[in-house]
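Engineer: One predicted model, sequence on top.
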Amino acid sequence: MRETINAALKEATKARDARRVSTLRLVSAAFKDRDIAARTAGAELATDAELLELLAKMIKQREESEKIYAEAGRAELAEQESSEVAIIREFLPRQLSDADMAEAIDKAIAETGASGMRDMGKVMGALKGRYAGQMDFGKASAAVKAKLS
């Protein structure tokens, strides 16, 4: 993951694509921050799953900012956030469709033997371990809650 981002950053720098360079620098800095946090916790580097979660979080933040800017009539800033989201999405695996997410949730519930709300943590843990970066866990959490209650 890190090598892919660094290679894309070099490519964007050579192409003099300022928007892409600044976005990839933000991603790279966020990765370095996460690695520093991992080292203080005793691990060497953040795992790819953690980095995928970080990318998903960055996308969510930018989508929220884009919405706020659009509501405030700041079209140029909303467009900037939108372009950053598009650049970051390139490095995420394909997102699961709603039908695939429902199927994954059913499978995780069956595998963990979940029978009620007290087992929600087990189901979410299984989903996060298997589908990091591939689904919106906010939506997944609501769907799991609906199926277990």
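Structural biologist: Sure, I can see it. Numbering: from 1, shown residues only.

Engineer: What confidence value was assigned to residue 78?
Structural biologist: Confidence at residue 78, expressed as pLDDT, is 94.

Engineer: Could you export the helix or strand hosting it as PDB, CA atoms only?
Structural biologist: Taking DSSP states H and E as the criterion, residue 78 maps to helix 75-89. C-alpha atoms of helix 75-89 as PDB (Å, rounded to 0.1, in the frame of the first residue of the first chain):
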ATOM      1  CA  ALA A  75     -18.700  25.300  -5.000                       C
ATOM      2  CA  GLU A  76     -15.000  25.600  -5.600                       C
ATOM      3  CA  LEU A  77     -14.200  24.100  -2.200                       C
ATOM      4  CA  ALA A  78     -16.800  21.400  -2.700                       C
ATOM      5  CA  GLU A  79     -15.200  20.500  -6.000                       C
ATOM      6  CA  GLN A  80     -11.800  20.300  -4.400                       C
ATOM      7  CA  GLU A  81     -13.100  17.900  -1.800                       C
ATOM      8  CA  SER A  82     -14.800  15.900  -4.500                       C
ATOM      9  CA  SER A  83     -11.600  15.600  -6.500                       C
ATOM     10  CA  GLU A  84      -9.700  14.500  -3.400                       C
ATOM     11  CA  VAL A  85     -12.300  11.800  -2.700                       C
ATOM     12  CA  ALA A  86     -11.800  10.500  -6.300                       C
ATOM     13  CA  ILE A  87      -8.100  10.400  -5.900                       C
ATOM     14  CA  ILE A  88      -8.200   8.500  -2.600                       C
ATOM     15  CA  ARG A  89     -10.800   6.000  -3.900                       C
END
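
Engineer: For that helix, name the packing helices and strands.
Structural biologist: Applying 3 or more C-beta pairs under 8 Å, 6 or more residues apart in numbering; DSSP states H and E, we find helix 75-89 packed against helix 18-40, helix 48-71. Yep, even glycine has a C-beta here, placed from its N, CA and C like the rest.

Engineer: Now that helix: buried residues?
Structural biologist: 78, 80-82, 84-85, 87-88 (16 or more other C-beta atoms under 10 Å).

Engineer: got the angle for that helix vs helix 18-40?
Structural biologist: Here the directions of helix 75-89 and helix 18-40 differ by 60 degrees (axes from the mean of the first three to the mean of the last three C-alpha atoms, to 10 degrees).
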